[in-house]
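[1] got a sequence here, can you build the structure:
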Amino acid sequence: MTTAFAAAAHGQPLAAFRAQPFGALLALGTAVFFWGALHVACFGSQLGRLFDRLLAPRIMWPVLGLFLAAWAYKIWQVRAGT
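    Numbering: from 1, shown residues only. The predicted structure is shown next:
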């Protein structure tokens, strides 16, 4: 996932996705969370309540599924030699 984060930080979303799909999504989520948290810290907005709702089990179970699917893809990619 380090490679995916580095590629995303350098503005290469396709390279990030090819390196590790979930890592690319996690990098995007980290950026969104950072700017949202900065907005809450500076302006005291209620945006933080939205992040609380994102931690609900009905959201986290599909996220776990995506995480496992991304690692299965990565294992397949390594075994295929690409």
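[2] tell me the contacts of residue 6?
    By Cβ atoms under 8 Å, 6 or more residues apart in numbering, the contact list for residue 6 is empty. Any C-beta I mention is one placed from the backbone N, CA and C, and that applies to glycine too.
[3] what residues of the strand or helix carrying it count as buried?
    Counting by DSSP states H and E, the element that carries residue 6 is helix 2-9. Across helix 2-9, burial judged by 16 or more other Cβ atoms under 10 Å covers 4-5, 7-8.
[4] CA-only coordinates of that helix, as PDB, when you get a sec.
    The C-alpha trace of helix 2-9 is given here as PDB (Å, rounded to 0.1, in the frame of the first residue of the first chain):
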ATOM      1  CA  THR A   2       3.000   2.300   0.400                       C
ATOM      2  CA  THR A   3       3.500   2.400  -3.400                       C
ATOM      3  CA  ALA A   4      -0.200   3.200  -3.900                       C
ATOM      4  CA  PHE A   5       0.000   6.100  -1.400                       C
ATOM      5  CA  ALA A   6       3.200   7.400  -3.000                       C
ATOM      6  CA  ALA A   7       1.700   7.300  -6.500                       C
ATOM      7  CA  ALA A   8      -1.500   9.000  -5.300                       C
ATOM      8  CA  ALA A   9       0.500  11.700  -3.500                       C
END
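[5] if we can go back for a sec, which among the buried residues of helix 2-9 gets closest to residue 20?
    The nearest member of the buried residues of helix 2-9 to residue 20, counting by Cβ to Cβ, is residue 4 at 4.1 Å.
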